[in-house]
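Asker: Output the structure for:
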Amino acid sequence: MNTNLLRTAALALALAAPAALTAQPLPPPVAAVVNIGQIAQSCTACVAANQQLQAQGQALQTRAQALNTQLETEARALQPLVNAIPAGGQPDAALAARIQAYQSLQQNAEREIGAGRERLQRNANYVEEQLGDRLRPAINTVMQQRGATLVFDRRALIEASPTLDITAAVLAIVNQNATPLNVNAPAPQQAAPAAAPPRPATAPPATTPPRPRPQGR
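Answerer: Just a heads-up that it's a prediction; the model follows:
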């Protein structure tokens, strides 16, 4: 009976071994802090990209001001002509065409500036995406060098000790890549137009059956 008890105890220990291994305590975390916002403003490629984005924004603002001036000038010229229309009357053909041209100009200006703002935002997002592709390997390299197991963005923390900051080391690695950041995002892919539903088969035109001839008497 003692032998059976020993075998049972040994089997229980063998089954419990994997559970004991999975319950091993985790090593204490080694945290580091990196200021991603600072790198995005100060890395060599980032400075050049930010300057180009600012130039794009300034060009868009200049274009918006020019369109607005053109619209205001035409509106001031149209207003007395519209006011001169008798009560209940309609503008003549020339004035009606001019009013329609003004409205078309206004709509086109809104579309143009709206598309420009969307394009500028896509370009900024594209630059941020490219920087992220350079930041991740740089951060991983510094983590391995410093023995860190966790890295936090400085902007997400209320306070952190300066001894945990690895921003300068990460920035130095990012600056080793001298390839400029592309500030012109690819055009958004347009969804393929939905296939038109199949046209129902048309029935052949109905034919009128021939009328029987009257039989002779």
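Asker: Could you point out the longest helix of the protein?
Answerer: helix 93-146 (DSSP state H).
Asker: Just checking the distance from it to the centre of its chain.
Answerer: 9 Å (CA atoms, centre = their mean, to the nearest Å).
Asker: One more: stretch 130-150?
Answerer: 24 Å.
Asker: and for it, what are the contacting residues?
Answerer: Applying CB atoms under 8 Å, 6 or more residues apart in numbering, the contact partners of stretch 130-150 are 27, 29-32, 34, 36, 39-40, 43, 45-46, 151, 166, 169-170, 173-174, 177, 181-182. Backbone N, C-alpha and C define where each C-beta goes, glycine included.
Asker: Take these and keep only those in helices.
Answerer: Using DSSP H, the contacts of stretch 130-150 in helices are I36, I39, A40, A45, C46, A169, V170, I173, V174.
Asker: which pair in the residues you listed spans the largest distance?
Answerer: A45 and A169 (17.4 Å; CB to CB).
Asker: Export the ones in helices among the contacts of stretch 130-150 as TSV, with columns for distance to A156.
Answerer: Shown next, in TSV, are these (distance: CB to CB, whole Å):
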residue	distance to A156
I36	9
I39	15
A40	15
A45	24
C46	20
A169	19
V170	16
I173	21
V174	19
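Asker: how many other residues sit next to the closest residue to N175 other than its chain neighbours?
Answerer: Of all residues not flanking N175 in the chain, T44 sits nearest, at 5.1 Å (CB to CB, 6 or more residues apart in numbering). Using other CB atoms under 10 Å, T44 has 15 other residues around it.
Asker: wait, doesn't T44 sit right on T179?
Answerer: No: taking contacts as CB atoms under 8 Å, T44 lies outside contact range of T179: 10.4 Å.
Asker: quick one: stretch 32-46 to chain centroid distance?
Answerer: Distance, centroid of stretch 32-46 to centroid of chain: 21 Å (CA atoms, centre = their mean).
Asker: Grab the CA positions of it and hand them over as PDB.
Answerer: Extracted in PDB, the C-alpha atoms of stretch 32-46 (Å, rounded to 0.1, in the frame of the first residue of the first chain):
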ATOM      1  CA  ALA A  32      12.400  54.100 -19.900                       C
ATOM      2  CA  VAL A  33      10.900  57.400 -21.200                       C
ATOM      3  CA  VAL A  34      11.200  58.900 -24.700                       C
ATOM      4  CA  ASN A  35       9.800  62.200 -25.800                       C
ATOM      5  CA  ILE A  36       8.400  61.400 -29.300                       C
ATOM      6  CA  GLY A  37       7.100  64.900 -29.700                       C
ATOM      7  CA  GLN A  38      10.500  66.400 -29.200                       C
ATOM      8  CA  ILE A  39      12.000  64.000 -31.700                       C
ATOM      9  CA  ALA A  40       9.300  64.800 -34.300                       C
ATOM     10  CA  GLN A  41      10.200  68.500 -34.000                       C
ATOM     11  CA  SER A  42      14.000  68.200 -33.800                       C
ATOM     12  CA  CYS A  43      15.300  65.300 -35.900                       C
ATOM     13  CA  THR A  44      17.100  66.400 -39.000                       C
ATOM     14  CA  ALA A  45      14.600  64.900 -41.500                       C
ATOM     15  CA  CYS A  46      11.700  66.100 -39.300                       C
END
